[in-house]
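*Asks:* sharing a model prediction with you, sequence too.
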Amino acid sequence: MLPLFKMLIIPFWAMTFLAIACSKPNDVIAEPVMQYSDLQDAEVKPGQHQHIDIDSNGSTDFTFHTLLVGDPLLQRDRLQYLAASKIGTNLLNNTFDESPRLIKGDRIGLQHEGFTWYELSSIMLAEKLIPLHEDIYWDGIWKAAKHHFLPVEVMKDGHAFLGWIELSFDKTAEKLILHKAAISTKADTEIKAGY
């Protein structure tokens, strides 16, 4: 005869196995279908820009460009690498006009702690600082990006479609590299960065 604790373990194990085996495929929450774009490693060097039509509707959604800014007060120049959104497209901004640098699998949602979605926004990805009497150095969240993901949002008929743009930054060659982009085909739905 089996001890009491073994008699209880066997039915519990059997019930757990049956519950898992009988679960329906509909119980699994599917990731939304994404529309992907190969940006063919487009480069943004000083004085250049790249336009992205992430939803393939024939109009520019996001622009990547550089801006050389003189700062006479601090006696330095700043070569900035920027991302800009348009009417109907949004970037996540914090109080310093920066956007988070995501890795594959990070959540992209309608809300992000410390950041707000803004239309007609410009965020600084990285910048080269050229002081008058000191060594040149780099700053910005994206200065060491290697296949990281910039969260983006496109608005259509009052609904948000979330996406990402995959970026790398090469300080030696002084260029931003645009690899791939994706946008969800399902409105108001959280996605994950990457593919």
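*Replies:* Received it, and whenever you're ready, just let me know what you need.
*Asks:* where do the helices sit along this structure?
*Replies:* Ranges of helices in the chain, per DSSP state H, are 4-21.
*Asks:* the strands in it, which residues?
*Replies:* 34-44, 49-52, 62-71, 76-85, 89-93, 107-108, 116-119, 122-131, 137-139, 148-156, 159-170, 175-184, 191-192 (DSSP state E).
*Asks:* show me what the last one is packed against.
*Replies:* Which is strand 191-192. If contacts are counted by 3 or more CB pairs under 8 Å, 6 or more residues apart in numbering; DSSP states H and E, strand 191-192 sits against strand 107-108, strand 159-170. Any C-beta I mention is one placed from the backbone N, CA and C, and that applies to glycine too.
*Asks:* most packed of those?
*Replies:* strand 159-170 (a mean of 21; mean count of other CB atoms under 10 Å).
*Asks:* and it, what does it pack against?
*Replies:* strand 34-44, strand 107-108, strand 122-131, strand 148-156, strand 175-184, strand 191-192.
*Asks:* average pLDDT for that strand?
*Replies:* Regarding strand 159-170, the rounded mean pLDDT is 98.
*Asks:* distance from the chain centre to that strand, please.
*Replies:* Per CA atoms, centre = their mean, to the nearest Å, the displacement of strand 159-170 from the mean C-alpha position of its chain is 4 Å.
*Asks:* and for stretch 59-74?
*Replies:* Worked out by CA atoms, centre = their mean, stretch 59-74 lies 20 Å from the chain centre.
*Asks:* what residues are up against D106?
*Replies:* Contact partners of D106, counting by CB atoms under 8 Å, 6 or more residues apart in numbering, are F149, K192, A193, G194.
*Asks:* where are the low-confidence patches of the protein?
*Replies:* Scanning the chain for pLDDT under 70 picks out 1-30.
*Asks:* T116 bridge partners, please.
*Replies:* Beta-bridge partners recorded for T116 (DSSP bridges): N93.
*Asks:* isn't K45 up against K175?
*Replies:* Yes: assessed by CB atoms under 8 Å, K45 is found in contact with K175 at 4.7 Å.
*Asks:* compare the two (neighbour count), which wins?
*Replies:* The neighbour comparison of K45 against K175 (other CB atoms under 10 Å) goes to K175, with 17 against 13.
*Asks:* picking up where we left off before, which two of the contacts of D106 have the greatest separation?
*Replies:* Across the contacts of D106, the longest distance by CB to CB is 9.3 Å; it joins F149 and K192.
*Asks:* so these two - more neighbours on which side?
*Replies:* Between F149 and K192, counted using other CB under 10 Å, the more crowded position is F149 (27 against 18).
*Asks:* I'd like the distance between the residue nearest to R78 when sequence neighbours are not counted and I123.
*Replies:* The shortest distance from R78 to any non-neighbouring residue, by CB to CB, 6 or more residues apart in numbering, is to V69 (4.5 Å). Distance of V69 to I123, given as CB to CB, to the nearest Å: 15 Å.
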